[in-house]
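K.L.:
Compute the structure for the input listed below.
(one chain, ligands or ions: 2)
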Amino acid sequence: MEKYNHKKIEKKWQNYWEKEKLYQTSDNQDKPKYYILDMFPYPSGAGLHVGHPKGYIATDIFARTKMMQGYNVLHPMGWDAFGLPAENYAIQNKTHPKLTNEKNIRTFKSQLEKLGFTYDWGREINTTDPEYYKWTQWVFIKMFEKGLAYESNEPVNWCPSCKTVLSNEDLEDGKCERCNSEVERKPMRQWVLKITDYADRLLNDLEKLPDWEESIKEMQRNWIGRSEGAEVEFRIMNYELQIKVFTTRLDTLFGVTFMVIAPEHKLIQDLKKEIKNYNEVEKYLNIAKNKSDLERTDLNKEKTGIKLDGVVAINPVNQEKIPIFVADYVIINYGTGAIMAVPGHDKRDFEFAKKYNIEIKQVVSEVNKKNQNNNLKLKNNKIFAEDGILINSGEYNNLTSEEAREKIINWLEEKKIGKKAVNYKLKDWVFSRQRYWGEPIPIVHCEECGNVAVPYDKLPLKLPEVKNYKPTGTGESPLANIKDWVNTICPKCGKSAKRETNTMPQWAGSSWYYLRYIDPHNEKKIVDKNKEKYWSSVDFYVGGAEHATRHLIYARFWHKFLYDIGVVNYNEPFTRLQHVGLILAEDGRKMSKRWNNVINPDEIVEKYGADAMRVYEMFMGPFSQPCAWSTNGLIGARRFLDNVYKIKLKIKNQELKIKNQELENLLHKTIKKVTEDIENFKFNTAISTLMIMVNKIGEQKIISNIHYSLFIILLSPFAPHLAEELWFDLGNKESIFKQNWPKYDLELTKDKIINLVIQVNGKLRDAIEVVADIREEDVKKIALKSEKIKKWLIGKEVVKIIFVKGKLLNIVIK
Ligand code: ANZ
Ligand code: ZN
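P.N.:
Ligands and ions are numbered 1, 2, ... in the order given. Sure thing, here's the model as predicted:
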């Protein structure tokens, strides 16, 4: 017999599937639909390494199974192709990023095609295609019209090396995620999206997503960071000015012994003349300016600050005079940028108070404990930071923290110096980049009319050609240098005006792409609402955990907006979400050019075959866990497929009516297990079940055509090329992927329990209840432990054991 030759098989079936248009998704709405989506890749110059396709293999297995289960399956792929790497490459090599992109996409696509995926390439999208980004611009204008896209001059994160603004989400430990430079804070004109308007819905609707991993939901909750508290005004003595603070611990109001305002706080400038040590203060402000928020709020960093001499605040509850400090552990863009400091109950305030010799006051005590203990605790640097019972707080003494907060807020509201307030860690989304390779922001600046949107019928607003892709470094994008593009006329009044030269961030195009796959060629609408109703929501979304916050929050935000303006039918985009565990290199490190440990899938496919790689990557370990590559493991997967190929020889025609109940039972168990495991993304155990089945078949002399066919169907999502080959070998004339997914007979999957007889020298001495297919060794163990048997064996020699499967065990003694 010929050996399994993947090179012969794989290309052949890929061509056949293409010719037969097997993966062309139909818009016929008769069947139930299933929309399974991969996070689309950024087509980098390096191409795919073996880690990238892990998620794609999984969704492909899922898609094929769903096809065979009778669903109309949508499984698309596209390119998230705007972004800095292509632009930086363009700067170095003076090529248009578009050309680099096209080349990279060709490489990616050919790599994916080699793995035999079910993508419907007729629906391929590319975020840099003007016919695509026309709709990204369209959404922006809709947001602009609703007041959700606005200009702002707030301090933003500026990467001095990438020469662009970054959103908070683009930072890692306060550094630029891409080039690792320290990020500076700089006030600059920006376009910002008001995602905070959606903060509550983004948070609350997480409860409607039971099929999202809890860890990802938790990351989103923390990212949104809803915090309930109050705003309180502290008067500044002798001036008509107040410091407004945000606090979650109004119950500690009597414990305030100083106030802190952020270095960027406007009040410092308002009080400039009154601050006696302003020179010193200014020095401090300059140092603080370049620190990132993360660095400033790091709990472990030593606190620094400086007292504002000449000004004091008044505590509204007891009229006490309180010193005011400026310190960088208070950040400007959270709450009100100022705090009431309570060193008795807040760790940061405590450290600051110790350093600057400020009074520390205890105003909340642990339930059931006396004050003395608490004071002791303070000395041990252990402050009491929880809720408790109020002390040293005038008329509020003996109330619980919660009761006190309620009473104090009522009093403050009456006096009109305080109110309840909610704050979010989530900030509005800085949506402009000073770079070339992004969607142009479709806005015209007119002296008369202000900001005017480019009319819808003028979309797409295409990126013009430039000679030099280098950012200007002044905070303007390279587009600013193209005078005949910048200078335009106002769509409203017709006078001369200037175009916005900032472009959108890389996250723009990916915030809605899953909708475009539904209706990729629609020239009139972003998506047909009727088609959207059928295909949405995405039933299953699979991708990297690094997208738990940014992409997955942005997309939910855009989707909710599109829902509000009537474009889509459902208010959440993704029903089920699963993250992919990383594939590490054989040395246990992340695959990276730097470590020289990257494995190219093309080589694996060439040597072992796409099917072996697919099976191996799914067999490596639990899907969501990181796992190191192992060539031995890969060889094992290949051996399994070789064994599958070999059993071809054992098939006999079904007319022989081979009755093999044992195999039949195992087959039904296998169907059940594999079906359930695929549904639960437990591919490793699905494959090990298939391996057991192959071994069992290997033990038989002959097997029936029917059993074999069913087995091949179960294998087909994992090793589609081999399965299709074996399927046609059997004389079938239609693709295996047009077959129905096998159903199991529940009765046959249950272990049958029998009464197994134990004899000694042929005489019945015991009987045990066991599963029908129990093995000889196991029966032997049970029998030799049985009291009823043991007594017959005393002083005798066992000469032979005869086992009749499913019936008896006979111990022959002398
Ligand atoms: C007094 C107080 C007493 C506080 C106490 C805490 C404990 P979350 O839960 O994160 O919302 N805070 C407010 N604005 C700040 C800013 N811009 N920079 C740094 N810290 C700020 O935290 C809210 C608490 O963080 C607020 O409540 C405030 O300190 C501080 F025993 O007020 B608290
Ligand atoms: Zn105008």
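K.L.:
contacts, neighbours, all on C-alpha from now
P.N.:
Will do.
K.L.:
residues of stretch 798-808 that come out buried?
P.N.:
I801, F803, G806, L808 (16 or more other CA atoms under 10 Å).
K.L.:
Ok, stretch 600-616 next?
P.N.:
For stretch 600-616, by 16+ other CA under 10 Å, it's 601-602, 604-605, 608-616.
K.L.:
Out of the buried residues of stretch 798-808, which is nearest to W727?
P.N.:
Closest to W727 out of the buried residues of stretch 798-808 is G806 (34.3 Å), distances taken as CA to CA.
K.L.:
coming back round to it: for the buried residues of stretch 600-616, which one is nearest V568?
P.N.:
Taking CA to CA as the measure, R614 is the one of the buried residues of stretch 600-616 closest to V568, at 35.6 Å.
K.L.:
Quick check on the closest one: phi, psi?
P.N.:
Phi and psi for R614, reported as degrees, to the nearest 10, are phi -60, psi -50.
K.L.:
Let's see the pLDDT reported for it.
P.N.:
Looking at R614, its pLDDT is 98.
K.L.:
Under the pLDDT cut-off, which ranges of this structure? List them.
P.N.:
Along the chain, the model assigns pLDDT under 70 to residues 169, 292-294, 368-381, 653-658.
K.L.:
And the residue nearest the centre of it?
P.N.:
When CA atoms, centre = their mean is applied to the chain, the residue found nearest the centroid is A548 (2.9 Å).
K.L.:
Quick check: that one touching E218?
P.N.:
No. A548 lies out of contact with E218 (CA atoms under 8 Å); the separation is 9.4 Å.
K.L.:
Got the phi and psi for the residue nearest to the centre of the chain?
P.N.:
phi -60, psi -40.
K.L.:
And L267, how close does it get to I236?
P.N.:
11 Å (CA to CA, to the nearest Å).
K.L.:
what is in contact with the two at once?
P.N.:
I243 (CA atoms under 8 Å, 6 or more residues apart in numbering).
K.L.:
who has more neighbours, the two?
P.N.:
I236 (18 against 15; other CA atoms under 10 Å).
K.L.:
what's across from the more buried one in the sheet?
P.N.:
A313 (DSSP bridges).
K.L.:
residues in contact with it?
P.N.:
Per CA under 8 Å, 6+ apart, neighbours of I236: Q242, I243, V311, V312, A313, I314.
K.L.:
who touches the closest residue to the residue nearest to the centre of the chain other than its chain neighbours in this structure?
P.N.:
Closest residue in space to A548, ignoring its immediate chain neighbours: I216 at 5.6 Å, by CA to CA, 6 or more residues apart in numbering. I216 is in contact with A545, A548, T549, counting by CA under 8 Å, 6+ apart.
K.L.:
Cross-check the contact I'm expecting between I324 and T257.
P.N.:
No. Using CA under 8 Å, I324 makes no contact with T257, being 9.4 Å away.
K.L.:
ranges for the helices of the stretch 251-400 of the chain?
P.N.:
Secondary structure of the stretch 251-400 of the chain by DSSP state H, counting those that start in this stretch: the helices cover 266-270, 278-289, 293-297, 347-355, 371-379.
K.L.:
Next, format these as JSON lines and append distance to ligand 2.
P.N.:
Conversion of these to JSON lines gives the following (distance: least, CA to the ion, whole Å):
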{"stretch": "helix 266-270", "distance to ligand 2": "34"}
{"stretch": "helix 278-289", "distance to ligand 2": "38"}
{"stretch": "helix 293-297", "distance to ligand 2": "39"}
{"stretch": "helix 347-355", "distance to ligand 2": "52"}
{"stretch": "helix 371-379", "distance to ligand 2": "64"}
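K.L.:
any chance of these in CSV, with distance to F623 too?
P.N.:
Formatted as CSV, the helices of the stretch 251-400 of the chain follow (distance: least, CA to CA, whole Å):
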stretch, distance to F623
helix 266-270, 52
helix 278-289, 45
helix 293-297, 33
helix 347-355, 41
helix 371-379, 48
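K.L.:
now the ones you listed as TSV including distance to ligand 1?
P.N.:
Converted to TSV, those look like this (distance: least, CA to the nearest ligand atom, whole Å):
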stretch	distance to ligand 1
helix 266-270	13
helix 278-289	14
helix 293-297	7
helix 347-355	8
helix 371-379	13
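K.L.:
Which residues belonging to the helix or strand in which T488 is found are considered buried?
P.N.:
With elements taken from DSSP states H and E, the one containing T488 is strand 487-489. For strand 487-489, a neighbour-count test (16+ other CA under 10 Å) marks N487, T488, I489 as buried.
K.L.:
Near ligand 2, list only the ones from those residues.
P.N.:
Residues of the buried residues of strand 487-489 in contact with ligand 2 (CA under 5 Å from the ion): none.
K.L.:
Ligand 2: which of those residues is nearest?
P.N.:
Among the buried residues of strand 487-489, I489 lies closest to ligand 2 (CA to the ion), at 7.7 Å.
K.L.:
Isn't the closest one up against K498?
P.N.:
Yes. With contacts counted by CA under 8 Å, I489 reaches K498, the gap being 7.3 Å.
K.L.:
one step back: now render the contacts of I236 as TSV, adding neighbour count.
P.N.:
Output for those, formatted as TSV (neighbours: other CA atoms under 10 Å):
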residue	neighbour count
Q242	16
I243	21
V311	19
V312	21
A313	23
I314	20
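K.L.:
now, among these, which is nearest to T25?
P.N.:
I243 (61.3 Å).
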